[in-house]
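Undergrad: Next one to model:
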Amino acid sequence: VHGFGYILNDVCDADSDRTDPRRSTRPLTSGIVTRGPAVFTGVSAVAAATVVLGSGFSVRISEWTLLAGVLCLAITYNLFSKRAVVPVVTNMVLGCAFAGMPLLASQISGGVLTAFSMACAAYQLLFMMFVNAAYGSVRDLDHESRLNIVTTARYMRSESRDGQLLLSQPLLVYIVVLQLTLAMTALYIRRVAVTSLKQPDGGRSTSWGVVCVICLIALSSWSLWKAFRHYRSDGRVASAYATLHMLSAFLSPTAALLGVLPASRLIGVAVGAVGPLCFHSWFAKAIVLVGSSVVGSPRAIARRGAS
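TA: This is a model prediction of the structure:
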C-alpha cells in the first residue's frame with residue numbers, strides 16, 4: 001500500500017520534478033519509465049496486498065472499507081497536494097492515510113480498536129504533518145516558489161530569495177508545536193502500552209522504557225534545533241540533522257514498547273520502522289555527516305581557543 005502511494009506521488013509530480021535538479025534523473029522524470037507502467041506497478045502492489053490479506057487473514061467488510069479509505073486518502077493527497085490553497089489540509093489528508101495503517105493492523109489482528117492503536121495512529125498523523133511542514137516544504141521552497149506552488153512553508157509566508165531560505169515565524173512556531181505534540185504523544189503511547197499490553201519484565205523495564213523515550217525525544221529536539229541553526233549556512237548539514245530527527249522520531253514509539261514486548265518482537269518492530277531507510281544512500285551519508293559535524297564542532301572550538 002505504501003508502495004502504491006509513493007509511485008502515485010512520483011507519477012503526479014513528474015512534470016514539476018523534471019525542473020528540479022535533484023529529481024530530474026529519476027526514472028519517471030528522465031523518461032526511462034513512462035506513467036503507464038508506473039501506475040500498473042502501483043496498482044499491482046495494491047492487488048498483491050489485497051491477495052495477502054484475503055488469503056492469510058480473516059478480513060471483515062469493515063477492514064476492507066478501512067483499506068479502501070486509506071487508498072482514497074492517498075489518491076486524494078497526490079492529486080491535489082500541488083493545487084491546494086491551504087496545504088495544511090492536504091497534509092492532514094496524507095497523515096490520515098498513514099494513520100489508517102496501524103488502525104487496519106489493529107482491526108485485523110484483534111478485531112477491535114484499542115487506545116494503543118489509536119495513539120499510534122495519532123502519532124502517524126502528526127508525524128506526516130511534521131514531515132511535510134519541516135522537511136518537504138522547506139527543502140523544496142526555492143523550487144516550488146519558482147513554480148508558484150503553495151506549500152506549507154509558502155502558505156506561512158516563508159520565502160526564497162536568491163537561493164536563500166527565509167523561514168517565517170509562523171512556520172517555526174507551527175513546527176515547534178508539532179514537535180511538542182509528537183513528544184507528548186510518544187509518552188502517551190508508552191503509558192497506554194504499559195497499561196494495555198503485558199509486561200514480561202516488571203517495573204524495572206518500565207522505567208527503562210520511559211528513559212529511552214525521553215532520550216529519543218531529547219535527541220529529536222536537539223537535532224531539529226541543529227537543523228534550523230544550519231539551514232542558512234550549510235544546507236547539507238541541515239539536511240543531515242533533519243535525517244537524524246527523522247530517525248529518532250521513528251524510534252520513539254518503538255522505544256515506548258521496551259519492556260512491554262518480548263525482545264524478539266521489539267527488534268522486529270524496530271527493523272520494520274527503520275530498516276527501509278537503510279536502503280537509501282542519502283541516509284548513510286546523512287548519519288556520517290552528522291557525526292563529522294558533531295566531532296568537528298569541539299575541534300573548531302579548540303582551534304579558536306588556541307588562536
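Undergrad: Only C-alpha atoms from now on, for both contacts and neighbour counts.
TA: Fine.
Undergrad: And the strands in this structure, which stretches?
TA: Secondary structure of the chain (DSSP state E): strands at 159-161, 164-166.
Undergrad: I'd like to know which elements the first one is packed against.
TA: Counting contacts by 3 or more CA pairs under 8 Å, 6 or more residues apart in numbering; DSSP states H and E, strand 159-161 is packed against helix 141-146, strand 164-166.
Undergrad: ok, back up a step: put together CSV for the strands of the chain, with distance to residue 120 and mean neighbour count on each row.
TA: What follows is the strands of the chain, written out as CSV (distance: least, CA to CA, whole Å; neighbours: other CA atoms under 10 Å):
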stretch, distance to residue 120, mean neighbour count
strand 159-161, 34, 15
strand 164-166, 33, 15
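Undergrad: Now the weakest link among those strands, please, by mean pLDDT.
TA: Note on the strands of the chain: strand 164-166 shows the lowest mean pLDDT, a mean of 79.
Undergrad: re earlier: do you know which of the strands of the chain lies nearest residue 139?
TA: strand 164-166 (9.2 Å; CA to CA).
Undergrad: coming back round to it: want to throw the strands of the chain into JSON lines with distance to residue 85?
TA: Shown next, in JSON lines, are these (distance: least, CA to CA, whole Å):
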{"stretch": "strand 159-161", "distance to residue 85": "17"}
{"stretch": "strand 164-166", "distance to residue 85": "21"}
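Undergrad: Out of those strands, the one nearest residue 256 is which?
TA: If we rank those by CA to CA, the stretch that ends up nearest is strand 164-166, at 35.8 Å.
Undergrad: any idea how far that closest one is from the chain center?
TA: With CA atoms, centre = their mean, to the nearest Å as the basis, strand 164-166 stands 23 Å off its chain's centre.
Undergrad: in its sheet, what does that strand sit against?
TA: In the sheet, strand 164-166 lines up against strand 159-161 (antiparallel) (DSSP bridges).
Undergrad: next one: the strand it pairs with to chain centre, how far?
TA: Put simply, strand 159-161 sits 25 Å off its chain's centre (CA atoms, centre = their mean).
Undergrad: for stretch 100-117, same thing?
TA: 20 Å.
Undergrad: How about stretch 58-74?
TA: That offset, for stretch 58-74, works out to 22 Å (CA atoms, centre = their mean).
Undergrad: Any buried residues in that stretch, and which?
TA: 63, 64, 66, 67, 70, 71, 73, 74 (16 or more other CA atoms under 10 Å).
Undergrad: Can you name the residues in contact with it?
TA: Contacts of stretch 58-74 with the rest of the structure, by CA atoms under 8 Å, 6 or more residues apart in numbering, involve 1, 5, 53, 93-94, 96-98, 100-101, 104, 107-108.
Undergrad: pLDDT averaged over it, what's the number?
TA: 85.
Undergrad: got the CA positions of that stretch in CSV?
TA: What follows is stretch 58-74 as a C-alpha-only set of coordinates in CSV (Å, rounded to 0.1, in the frame of the first residue of the first chain):
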residue,chain,number,x,y,z
SER,A,58,-10.0,-13.4,8.2
VAL,A,59,-10.8,-10.0,6.9
ARG,A,60,-14.2,-8.5,7.5
ILE,A,61,-16.1,-5.9,5.5
SER,A,62,-15.0,-3.2,8.0
GLU,A,63,-11.3,-3.9,7.3
TRP,A,64,-11.8,-3.8,3.6
THR,A,65,-13.6,-0.5,4.0
LEU,A,66,-10.8,0.9,6.1
LEU,A,67,-8.2,-0.2,3.4
ALA,A,68,-10.3,1.4,0.7
GLY,A,69,-10.4,4.6,2.8
VAL,A,70,-6.6,4.6,3.1
LEU,A,71,-6.2,4.3,-0.6
CYS,A,72,-8.8,7.0,-1.3
LEU,A,73,-7.0,9.4,1.0
ALA,A,74,-3.6,8.6,-0.6
